[in-house]
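In: dropping the sequence and predicted coords here.
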Amino acid sequence: MDSAKGSKSENIARAKSLILDARPTEGSIILLPEMFATGYIPANLDSAAEDFSTNETGETARTLSEIADATCCTIMGAGITRASNGFYNHVSIYAPHTPKERCGYDKINLFFPERDAFSPGNRINLFTLQNWKIASFICYDLRFPEIFREATKQGANLITIQAAWPAKRRSHWETLLKARAIENQVYIAAVNAVSTRSDTQAPLAGKSLIISPNGDVLAEGTSNEEMIISAELDLLAERNYRKSFPVLEGIVPPDLI
C-alpha cells in the first residue's frame, strides 16, 4: 500500500476498500504496512496518535474492527499510540466481533528518525489463531535476530513484519527476511509499503513477501505498485520440517519442535 502522509481518513478508506474488494478467505490473517493510516512518521504525531485498546477510541481502530467483522478475519494494523514519554510505534490486532484489541506490540528497536519522539517497547507479544502462535515485529526489528529467536523459543510458528522499508536497502529486506525464516524454521509474512508517486522523497521498497520455514518464497509483491499477495500456510508441514531437519534441537523445547 502507498499511504499519503498525514491523510489518515483517505488512507484508512483505501485500505478498507482494497481488503474488501479482495474478499479474503474467512479465518485468514490480514497485514497492513507500518503506519499505514498516516504514512511513515507524519508531521503531527499528536494528532496522528490513537488509543487502539477498543474499537471506540479512534478512527483507525474502529475501521480495523469493521474490516475484521466484515471479512471474519483477524487484521493487523499498524499505527501510533501515546507513551508516558512520547509515542509508541504500534501494531494493533483485531479479531472478528471483538470490540477490544486482541493483542498489541510496541516496536522494540527504533529506527534512527524515530528515536527523538518514540519510546521503545519492552516485550515480545504472541497471540494464538486456531493452532498458530504468531509474533509480530515492525520494520527495523528485522535487523535484530535475537528477538526472532526469542519469539521462536516462546512457540512462534509464524512471525509477521510490518514495514516502511526504503528502496535503497531493498536487498537487505529480502535477504534478512529469508534468513529469519531459515534460521528459526518459521513462516514469515512481511508487508512493506510502496511508493507509487514520483514526488516521494524517500521511495519505499515494496516487495512484500511470504516465506516458508526453509526459505522458499510463497508469494511476492512488486516493488512499484500497490497489490495484495496471499498464501495458504501449512502448520503440519512446518512441524515435519523441524523434525526432519532439527536445527532448533536444544534451543526450543522438544514439544515445540
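Out: Done, it's in. Numbering: from 1, shown residues only.
In: and the nearest residue to residue 225 once chain neighbours are set aside, how many neighbours?
Out: Of all residues not flanking residue 225 in the chain, residue 196 sits nearest, at 6.2 Å (CB to CB, 6 or more residues apart in numbering). (Each C-beta comes from the backbone N, C-alpha and C, glycine too.) Residues lying near residue 196 (other CB atoms under 10 Å) number 13.
In: can you offset everything so residue one is 30?
Out: Understood, numbering begins at 30; the last thing we discussed is residue 225.
In: distance of residue 225 relative to residue 163?
Out: As judged by CB to CB, to the nearest Å, residue 225 and residue 163 stand 29 Å apart.
In: now residue 55
Out: 17 Å.
In: between those two, which one's more packed in?
Out: For residue 55 and residue 163, the more surrounded residue by other CB under 10 Å is residue 163, and the numbers stand at 24 against 9.
In: correct me, but the more buried one touches residue 183?
Out: No - at 10.9 Å, residue 163 does not count as touching residue 183 under the criterion of CB atoms under 8 Å.
In: shared neighbours, those two?
Out: residue 155 (CB atoms under 8 Å, 6 or more residues apart in numbering).
In: quick one on the thing from earlier: which ones are touching the residue nearest to residue 254?
Out: When contacts are taken as CB under 8 Å, 6+ apart, residue 225 is in contact with 31, 253, 254, 255.
In: do residue 260 as well
Out: 218, 239, 247, 248.
In: what's the helix or strand for the residue nearest to residue 254?
Out: Residue 225 is part of no helix or strand, with elements assigned from DSSP states H and E.
In: what distance do you get for it to residue 30?
Out: Applying CB to CB to residue 225 and residue 30 gives a distance of 10 Å.
In: joint contacts of these two?
Out: Residues touching both residue 225 and residue 30 (CB under 8 Å, 6+ apart): residue 255.
In: identify the bridge partners of the residue positioned nearest the centre of the chain.
Out: Centroid-nearest residue in the chain: residue 191, 3.0 Å away (criterion: CA atoms, centre = their mean). Beta-bridge partners for residue 191, by DSSP bridges, are residue 167, residue 220.
In: just the pLDDT for it.
Out: Note for residue 191: predicted pLDDT of 98.
In: surely it and residue 58 touch.
Out: No - counting by CB under 8 Å, residue 191 sits too far from residue 58 to count as a contact (11.8 Å).
In: now the common contact residues for these two.
Out: residue 105.
In: and the helices in this protein?
Out: With DSSP state H as the criterion, the chain has helices at 37-51, 74-77, 88-100, 174-182, 199-213, 264-273.
In: let me see the mean pLDDT of the fifth one.
Out: Model confidence over helix 199-213, given as mean pLDDT, is 98.
In: so who does the closest residue to residue 114 other than its chain neighbours touch?
Out: Leaving aside its sequence neighbours, residue 114 sits nearest to residue 148 (CB to CB, 6+ apart; 5.6 Å). Contact analysis of residue 148 by CB under 8 Å, 6+ apart lists 112, 113, 114, 115, 116, 117, 135.
In: most neighbours out of the residues you listed, which is it?
Out: residue 117 leads the contacts of residue 148 on contacts (other CB under 10 Å) with 23 neighbours.
In: kindly state the beta-bridge partners for it.
Out: Going by DSSP bridges, residue 117 forms beta bridges with residue 110.
In: what score does it have for pLDDT?
Out: Confidence score, pLDDT, at residue 117: 98.
In: now swap in residue 230 and tell me
Out: 68.
In: model confidence score at the nearest residue to residue 84 once chain neighbours are set aside, please.
Out: Nearest residue to residue 84, sequence neighbours excluded (CB to CB, 6+ apart): residue 94, at 3.5 Å. We have a pLDDT of 97 for residue 94.
In: where does the prediction get shaky in the stretch 80-229 of the chain?
Out: 227-229 (pLDDT under 70).
In: can you rerun that using 80?
Out: For the stretch 80-229 of the chain, the stretches flagged by pLDDT under 80 are 226-229.
In: hang on, residue 43 packs against residue 37?
Out: No - using CB under 8 Å, residue 43 is not in contact with residue 37, being 10.8 Å away.
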